[in-house]
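Colleague: Prediction below, plus the sequence it came from.
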Amino acid sequence: MSKTIRQKVLFKNTSPKALYELYMDSKKHSAATGAPAKISAKEGGDFSAHDGYINGKNLHLAKDQLIVQSWRGADWDKSDQDSVFMIRLEKKGKDTVLHAVHTNVPEKQAEGINKGWHDHYWKPWKKFLAGKPIGKYPTM
């Protein structure tokens, strides 16, 4: 069995461009999460995040609007299929609403991944965008 995770996060006084770059630029991604990341900015390109815990490929990219990736955790069973992760960025005045949908997540991983998006991405991103220091996260 697999699960789908849906999240909606408001980033005040932030543009879709800033959030897109925060995710798709390796240096910014690493700085904003406190963990090493390598991300190709091209469709079909590979990515890894959190020091190799997460790996996948960019399936579809629409600059400053949409990111669709295959996504897999290093601790998943070999029999688990890759999941699909999507970020859609919606401008709302001076703010941006980030819509995240993560499908085909193994059931036993879903609770941790749902919480992990908030703990390792959205909360640190908000701190980073506010100019506050981001601590290094331990290897997952």
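Modeller: Perfect, thanks for sending it. As the structure is a computational prediction, the values presented were derived from the model and not from experiment.

Colleague: where exactly do the helices run in this protein?
Modeller: Assignment of helices within the chain using DSSP state H yields the ranges 16-24, 26-33, 107-117, 123-129.

Colleague: Show the contacting residues for the nearest residue to residue 66 once chain neighbours are set aside.
Modeller: Excluding the flanking residues, the one nearest residue 66 by C-beta to C-beta, 6 or more residues apart in numbering is residue 88, at 5.4 Å. Yep, even glycine has a C-beta here, placed from its N, CA and C like the rest. Residue 88 makes contacts with 65, 66, 98, 99, 101, as judged by C-beta atoms under 8 Å, 6 or more residues apart in numbering.

Colleague: ok, of those residues, which one's closest to residue 5?
Modeller: For the contacts of residue 88, the residue nearest residue 5 by C-beta to C-beta is residue 101; the value is 7.3 Å.

Colleague: What confidence value was assigned to the residue nearest to residue 66?
Modeller: On the pLDDT scale, residue 88 is placed at 98.

Colleague: now swap in residue 140 and tell me
Modeller: Reading off the per-residue confidence, residue 140 sits at a pLDDT of 43.

Colleague: who does the closest residue to residue 15 other than its chain neighbours bridge with?
Modeller: Distance criterion C-beta to C-beta, 6+ apart; nearest residue to residue 15, sequence neighbours excluded, is residue 96 at 6.2 Å. With DSSP bridges applied, the residues forming beta bridges to residue 96 are residue 11, residue 91.

Colleague: Against residue 58, how distant is residue 96?
Modeller: Distance of residue 96 to residue 58, computed by C-beta to C-beta, to the nearest Å: 20 Å.

Colleague: about what we covered before: would you list the helices of the chain in JSON lines and tack on mean pLDDT?
Modeller: JSON lines is the format used below for these (pLDDT from 0 to 100):
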{"stretch": "helix 16-24", "mean pLDDT": "97"}
{"stretch": "helix 26-33", "mean pLDDT": "95"}
{"stretch": "helix 107-117", "mean pLDDT": "96"}
{"stretch": "helix 123-129", "mean pLDDT": "95"}
